[in-house]
Structure formats: C-alpha cells, structure tokens
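# Sequence isn't available, so here's the structure alone:
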C-alpha cells in the first residue's frame, strides 16, 4: 500500500486494560468522565516520545497515535506520533497543534474500550468542527499498547546510533520491530514508522565560526563534537557514521587538509569547508595532488553553508546549520 493511503479497517477482539471500564455508558457519557487532555511534554523528538511512552506505561495504560494518512497538505510527516497516558497527559504532534487534544480524547476512549481505532480529521472527516489550517486532511491510527518490547527495541537501536522501524498492524492490533524501509508508509502488512539517530555534527577548527556553530547546533538538539586538532583524525575515523555531518572551519589550509582527507573516507552525509571560491579552487588542487577522486572531491560543500557570503560568525553558523538540515532531509526523507 502506498504511503499516504488510508488505514485498513480495524477488526479485532476487545482487550482488557487497567483503564476505567465503560460498562453501559454511551460514548458521550464516557468522554465526560475522561480526564482533561493536558500536554505533558513539549517535544516532537521521536526518541523522547518513545521514552515518555515507556515511563507512562509503568504507571498505567498508554496509547500511541500515529499519522498514517495525509490528504492534501499537512504540518507533519507520515509516522509522526502523539503518545497519550491514561491520565490525559500527552506528548508529540500529528499536526500543528490543532487536533492533538482531540486525538488524546480518542486515545483515552480507545484505552477505555481496550481496542485500537482509526480517526480522520480535516478533509473527509466526520468532525466538521475540527478544520485543519492547511486545508487538508489526516488519518491517525491509535494503538493501545499491550507491551513495550518493540519500543524498547527501537530505543536500544537509537542509543547505538542505528536506524530502526516499527510496524503497526491494524488487523492484529500489534506493534513490532521491523526491517528499516527507506521512508515511513504502508506496506502489505501494516504501517511502518522509521526512526533515525540524532544528527551528529563534527566541527573542526579553532575559530569563532566553530564556536558559534557549536552553540547554535546545541539549541537544535544535535549531537555535537568539537574536534581537538590533535585528535580530529581519530575522532572522525571512530565516530563519523551515516548520520554525521562534518563542518571544517579552518582558516589555515594546511590544518584543514588532513581533516578533509579523513572526512572523505567517512560515510558522513555532509562535508562542508569554509572559505571563498578562490580558496576552494586551491583546496581542490591540493586534494587532487593527494590522489583524491573527483567524485569524492565533489562531496565537499564549499563555500560551506546554504547562503553567503556571510560576514560574521553567527550568520555563517545559521547558514551551515540550515545546509546540514536540508542535506539530512534530502538524504533521509
């Protein structure tokens, strides 16, 4: 099934939970007795959301709502989550903030019923009072957690800087670990959510630009490694992986050369070097003299950054971080 397709209908037996039973109440009565949804954590980081699910599961029932279908425009990508605890505390986003409380209410109803459900919002939805500002529509699959084994598996992979995936099957109401696909979406047996390690940013160079970039990247939640010039080569060799960007911010061509040579041997998704176009032409000649292939030299983004020329450290840092984010989106979207 193509990404963006609608979820299969859910048809599975009721499952008991610790959530207060609905008994003979109709759904309106049940809604009135539910806790008021409250945002417990302001984040859309997948690892933080899964950790929130683990912690909440230790205290009672938990549901995970996943964005499984998009009609028209949407604020979030397929696979985005909201995690909802039995007390109404929730974290995450499947839209821009306009439907999350409604999703939390539906999730609490699902926990009360002990049964998964699928809900549509916006275009094509029965909820005429909930309109998405983007004008599109979304479908959200709500899964009541039976165990946390698959979530724990994903978190272990991310801690080891390995990508991971979860497959949700509406037919069996099960959440399991799965081989990692290129992107989130439906396959023949369920919906696949993809998780990737946090971006690692290696910064080489004792410069004011390097300091500014490190500060800005920290605000973005990147895993930052400011390389010691004496150990930069060993650090790149041992810690640069496919989810690593390397920013070479030297003013000394002789100091940057060994760093670039090692960076080009790494699987990093982004390698950028500071300097003018004239400086880069000289850099290319030095790399050719070292026997570096043209295809490898072409991996270097130089002058580094999304825009320029910049004339101050803060502007350069913004330009570099935007370029890294765009490169990651292109590589892993």
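Structure received. Predicted model only: the values in this text are computed from it and were never measured.
# Phi first, then psi, for the spatially closest residue to residue 139 that is not a sequence neighbour.
Once its chain neighbours are removed from consideration, residue 139 has its nearest residue in residue 69; the separation is 3.2 Å (C-beta to C-beta, 6 or more residues apart in numbering). C-beta: built from backbone N, CA, C; applies to glycine. In terms of degrees, to the nearest 10, the main-chain angles of residue 69 are phi -150, psi 140.
# what's the neighbour count on residue 69?
As a burial measure, residue 69 scores 22 neighbours (other C-beta atoms under 10 Å).
# can you pull the pLDDT of it?
As summarised for this prediction, residue 69 has a pLDDT of 96.
# That one against residue 136, yeah?
No. Taking C-beta atoms under 8 Å as the contact criterion, residue 69 and residue 136 are not neighbours in contact, 10.3 Å apart.
# What is the burial count for the closest residue to residue 66 other than its chain neighbours?
For residue 66, ignoring the flanking residues on the chain, the nearest one in space by C-beta to C-beta, 6+ apart is residue 141 at 5.1 Å. When neighbours are defined as other C-beta under 10 Å, residue 141 has 22 of them.
# could you measure residue 141 against residue 123, distance?
Distance of residue 141 to residue 123, given as C-beta to C-beta, to the nearest Å: 18 Å.
# And residue 218, by the same measure?
In this structure, residue 218 lies at 39 Å from residue 123, with C-beta to C-beta as the measure.
# So between the two, which is more surrounded?
With neighbours defined as other C-beta under 10 Å, residue 218 and residue 123 compare such that residue 123 has more, 16 against 12.
# and the more buried one, what does it touch?
The contact partners of residue 123, taken as C-beta atoms under 8 Å, 6 or more residues apart in numbering, are 71, 72, 132, 135, 136, 137.
# Let me have the residues you listed in CSV, extended by distance to residue 331.
As requested, those are exported to CSV (distance: C-beta to C-beta, whole Å):
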residue, distance to residue 331
71, 27
72, 26
132, 29
135, 29
136, 26
137, 29
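# Make sure residue 239 is actually in contact with residue 200.
Yes. Using C-beta under 8 Å, residue 239 is in contact with residue 200, at 7.2 Å.
# Count the residues that sit near residue 294.
Neighbours of residue 294 under the rule other C-beta under 10 Å: 9.
# ok, now how distant is it from residue 288?
8 Å.
# Looks to me like residue 258 is in a helix.
Yes. Residue 258 forms part of a helix when assessed by DSSP: H, G, I helix; E, B strand; the rest coil.
# shouldn't residue 253 be in contact with residue 285?
No. In this structure, residue 253 is not within contact of residue 285 by C-beta under 8 Å, at 10.6 Å.
# Looking at these two, which has the bigger crowd around it?
Summary of the neighbour comparison: residue 253 and residue 285, criterion other C-beta under 10 Å, with residue 253 having more neighbours (14 against 10).
# Quick one: residues contacting the more buried one.
When contacts are counted by C-beta under 8 Å, 6+ apart, residue 253 touches 279, 282, 283, 286.
# and the second one, how many residues sit next to it?
The number of residues packed near residue 282 is 12, by other C-beta under 10 Å.
# Please confirm that it is located within a helix.
Yes. If the criterion is three-state DSSP, then residue 282 is within a helix.
# for it, what are its contacts?
When the contact criterion is C-beta under 8 Å, 6+ apart, the partners of residue 282 are residue 253.
# Try it again at 10 Å.
By C-beta atoms under 10 Å, 6 or more residues apart in numbering, the contact set of residue 282 is 253, 275, 276.
# which among those residues gets closest to residue 85?
residue 275 (51.1 Å; C-beta to C-beta).
# separation between that closest one and residue 64?
Distance, residue 275 to residue 64, by C-beta to C-beta: 47 Å.
# and if you look at residue 197?
The span separating residue 197 from residue 64 equals 20 Å under the rule C-beta to C-beta.
# of the two, who's got more company?
Between residue 197 and residue 64, counting by other C-beta under 10 Å, residue 64 is the more crowded of the two (24 against 19).
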